[in-house]
Each structure stands twice: as structure tokens, then as C-alpha cells.
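**Student:** Just the structure for this:
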Amino acid sequence: MLVLKIIFYILQFILFMYGFHFAFFTIISVFKKSKKEKNFKPIHKFLILIPARNEENIITYLIESLKKQNYPNDMYQIYVAPNNCTDKTESVSKKAGAKILKIDIPVQTKGEVLNYAFDKFKDDNSFDTYVIFDADNIVHPNFLKEMNNKIENGYKVAEGCRDTKNLYGNWLGGSYALTYYLQNVFLYKPREKLGSSANLNGTGYYISKDIIDNLNFRASTLTEDLEFNAVAAINNIKIGYASKAIFYDEQVDEFIPSITQRKRWSKGSIQIQKKYGKDLIKAAWKYKSIHALDNIYISIAPYFQVLILIAELANIIFNIENIKVIIIFGILSYFLTICLSIFLIAYYKKRIWNALLGILLFPLFMVSGILSAIMALFSKHTIWEEIKHNKKVAIEDILND
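**Tutor:** Residues are numbered from 1 along each chain as shown. So this is what the prediction gives:
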């Protein structure tokens with residue numbers, strides 16, 4: 001039993017250090033003032049890329065929101081890249097006013113679509129910055145204006161501020177929204193205040209064309225965003241967080257598709273760890289980089305999720321700690337998470353009562369991520385599976401809510 005206790009407390013210490021890494025930098029950032037950023041006239045020319053797979057029902061809303069940008073029309077162009085479609089995504093997109101990038105090679109993942117686009121536009125000098133969206137997004141009218149400001153304030157790469165189309169839909173939509181609010185407030189903003197780096201997170205971001213061309217970045221994993229984050233950290237490239245460049249994302253609102261989606265994210269993290277782990281460690285040492293450390297911890301997150309499960313099961317089965325202590329700690333953790341969730345909803349000026357189910361079940365959402373991690377660790381291959389989107393929401397619906 002003594003040996004078991006020692007192993008258990010070692011596991012607990014490892015898990016504590018994992019959480020401490022993120023908490024420490026968030027806490028010390030409180031004592032740092034945010035750098036005041038200037039506003040600039042429209043300078044940069046954007047090429048907006050939208051990989052799309054069977055999105056005929058909702059892609060018009062994204063294109064229409066992009067056409068309503070408070071930014072000169074001749075300084076950005078919209079390209080939809082339909083791939084593996086069995087519907088009218090291409091014709092609907094063209095009718096809405098987008099240009100079509102035809103993919104004439106077999107592709108499976110979003111990363112492969114972006115690779116094709118980066119190769120296709122490599123010699124095109126009509127723009128200087130890529131902007132990436134998913135087809136289910138809609139975009140605030142000031143998005144490109146704020147991204148232009150971000151570039152002029154010194155960032156060649158930046159993530160926008162992700163909000164949610166279906167925050168009030170059900171508990172899953174609310175839980176996803178809380179996850180992104182948590183990242184925005186306690187990860188991205190603190191990192192920027194400390195002069196470190198945020199991370200790209202799937203959609204709603206820009207990357208300078210010369211970064212893509214000079215690095216010759218081509219995604220090779222299931223999570224192209226995490227992969228670029230690793231490459232950026234290894235090359236000491238800062239990623240900004242544009243808190244005023246707001247876009248709205250449709251979150252998965254069914255449990256099984258949610259597990260499937262998070263399984264792919266976990267599998268992608270594992271791929272990043274295997275491919276870039278050593279280089280990230282070298283970069284963390286060479287540049288004294290918080291960003292590289294963040295990406296090391298993010299890439300090994302699935303392993304830590306499984307460690308949590310092992311530690312808790314061992315605790316219950318072998319009664320390592322008093323069961324009363326476990327229950328009290330569990331109840332306390334639950335209520336602290338609820339308080340944090342309420343704070344985040346209030347911070348973003350959303351309606352707490354309408355988001356109540358998401359708030360109350362957010363801890364369940366977090367715990368269910370362990371199941372996705374286990375599936376990712378023990379599956380040899382994870383394919384890119386289509387996520388259905390059907391929330392027909394115009395940008396005016398959001399702004400007038």
C-alpha cells in the first residue's frame with residue numbers, strides 16, 4: 001500500500017504542475033498592463049479562405065457577413081474551397097458572391113485543403129495576408145478592420161475572438177462557448193500581456209503570406225492549427241490575440257459528434273507531440289519561450305487526461321485518501337467551476353439565465369473530454385469525419401440580440 005500511495009502522490013504532483021503552469025502565468029499577468037494598440041487606415045490586402053464540405057445550408061451567411069465588412073471591398077477577396085462535397089456548396093457559394101478554388105486532387109482533411117491553396121496562391125502577389133474561416137462562421141463587420149490594426153501593431157499571425165452562434169441552444173453549445181471564453185480570457189490575453197504568444201484555434205485567424213511562403217508550412221496532421229502553433233513556437237514567431245476581431249462559430253450540439261470531434265483534436269495533439277516534441281523542448285530552452293512550453297503541455301494534454309482518470313480510479317478502488325475528502329474536493333471543484341462559468345458569461349455580457357444549462361453541465365463536458373482522449377490514445381487511425389452544421393444565423397441576428 002505504501003508503494004501505491006507513493007505512485008499516487010507522484011501522479012497528483014505531476015497533474016498539479018500541469019495545472020500550475022497555466023495558472024501561474026495567468027496570475028502574474030494580472031500585474032501587467034495591456035499594451036495600448038493604435039488604429040490604422042486600411043493597409044493590408046486579405047485573401048479569405050473557406051474550406052467547405054457539404055455546407056450549402058449555412059455558407060451563404062458567412063459570405064454575406066464578409067461582404068458587409070467595414071473595410072474597402074477592393075482590399076479583400078473571398079475564396080471558397082469546396083471539397084468532398086455531395087451537395088450544392090459550390091453553386092451556392094458562387095451565387096452568394098464568393099470565388100471558387102477548385103480542388104483537383106484528392107484531399108481528406110482541412111489541412112490538405114489549405115496546403116493546396118497555399119501552393120496555388122504562392123506566386124499571387126495581389127494580397128499579403130491569408131484569413132481562414134470555417135463555413136459555419138459568421139463575422140462581425142469590424143473583423144478585417146481590427147485584423148488590419150493587429151498586423152500594423154506588429155503581429156504577422158493572430159487569432160480572432162471566438163464567440164458562439166448557439167450559446168443558448170443546449171448544454172453542449174453552452175459548454176463549448178465557455179471553453180473558448182476560458183481560453184480567450186485566461187490564456188490568450190494573459191500571454192499577450194506578458195509579451196508571449198497566443199495560439200491559433202481552428203478558425204477566425206490570419207497568417208501573413210510571407211510567413212507561409214518562407215516557412216513553406218504544409219500541414220501533415222489532423223489538427224493543422226495546433227501544428228502551425230508548434231511550428232511558430234519552434235521558429236519564435238509570436239501569435240497575437242485580436243480581442244476586438246469577433247467572429248461567431250457554430251458549436252456541436254450532439255454528444256456523440258462532440259466526442260468524435262474532440263477525439264480528432266486529441267489524436268492531432270498526440271501527432272504534434274510525436275512530430276514536434278523534441279523541437280519544442282529545444283525552442284523552450286533556446287528562446288526561454290512560454291509559447292513553446294504552452295505547446296508542449298497542450299500536445300501532451302491527452303496523456304494528462306488519462307492520468308487523471310487513472311489517479312481517481314486508483315484512489316476510489318484502493319481507498320488511498322478518505323472517501324469524504326474525495327467527495328468534498330469534488331463538490332468544491334464543481335462549485336468553483338460554476339462560479340468561473342458565471343463570471344465568463346457575465347464578462348462577455350451574455351444572458352446567464354439562458355446559458356444556465358451549459359453553466360451547470362460544463363464540468364461534465366470537461367470530464368467527458370477524458371473519454372475522447374482514451375479513444376485517441378488507443379485508436380491507430382482517426383479519420384477526418386464531417387460535422388453537420390445547420391444553424392442559419394445572419395450577423396444581424398447576433399448584433400440585434
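**Student:** Residue ranges in the stretch 1-150 of the chain under the pLDDT threshold?
**Tutor:** For the stretch 1-150 of the chain, residues meeting the criterion pLDDT under 70 lie at 1-4.
**Student:** what ranges do the helices span in it?
**Tutor:** Under the criterion DSSP state H, counting those that start in this stretch, the stretch 1-150 of the chain contains helices at 2-29, 59-67, 89-96, 110-120, 143-152.
**Student:** what do you get for the stretch 251-400 of the chain?
**Tutor:** Secondary structure of the stretch 251-400 of the chain (DSSP H, counting those that start in this stretch): helices located at 255-287, 290-299, 301-318, 323-347, 356-377, 395-399.
**Student:** Same list (these) but as CSV, adding mean pLDDT, distance to Gly202 and mean neighbour count.
**Tutor:** All C-beta atoms are positioned from the backbone trio N, CA, C, and that covers glycine. Converted to CSV, the helices of the stretch 251-400 of the chain look like this (pLDDT from 0 to 100; distance: least, C-beta to C-beta, whole Å; neighbours: other C-beta atoms under 10 Å):
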stretch, mean pLDDT, distance to Gly202, mean neighbour count
helix 255-287, 95, 9, 18
helix 290-299, 95, 13, 22
helix 301-318, 83, 15, 16
helix 323-347, 90, 19, 13
helix 356-377, 94, 16, 18
helix 395-399, 92, 19, 15
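**Student:** Include distance to Arg53 when you put those helices into a markdown table, please.
**Tutor:** Formatted as a markdown table, the helices of the stretch 251-400 of the chain follow (distance: least, C-beta to C-beta, whole Å):
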| stretch | distance to Arg53 |
| --- | --- |
| helix 255-287 | 14 |
| helix 290-299 | 26 |
| helix 301-318 | 25 |
| helix 323-347 | 31 |
| helix 356-377 | 21 |
| helix 395-399 | 22 |
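**Student:** Let me know which of those is the nearest to Asn149.
**Tutor:** For Asn149, the closest of the helices of the stretch 251-400 of the chain is helix 395-399, at 20.0 Å, according to C-beta to C-beta.
**Student:** That closest one packs against which elements?
**Tutor:** With contacts defined as 3 or more C-beta pairs under 8 Å, 6 or more residues apart in numbering; DSSP states H and E, helix 395-399 has these neighbours: helix 59-67, strand 138-139.
**Student:** tell me the most buried of these?
**Tutor:** Sort these by mean neighbour count, taking mean count of other C-beta atoms under 10 Å, and strand 138-139 sits at the top with a mean of 27.
**Student:** For that strand, enumerate its sheet partners and note whether each is parallel or antiparallel.
**Tutor:** Strand pairing for strand 138-139, determined by DSSP bridges: strand 240-249 (antiparallel).
**Student:** buried stuff in the strand it pairs with?
**Tutor:** Gly240, Tyr241, Ala242, Ser243, Ala245, Ile246, Phe247, Tyr248, Asp249 (16 or more other C-beta atoms under 10 Å).
**Student:** Looking at the helices and strands packed on helix 395-399, which is nearest to Met17?
**Tutor:** Evaluated over these, closeness to Met17 peaks at strand 138-139, with 38.8 Å, by C-beta to C-beta.
**Student:** now the closest one, how far from the centre of its chain.
**Tutor:** 16 Å (C-alpha atoms, centre = their mean, to the nearest Å).
**Student:** All set, thanks.
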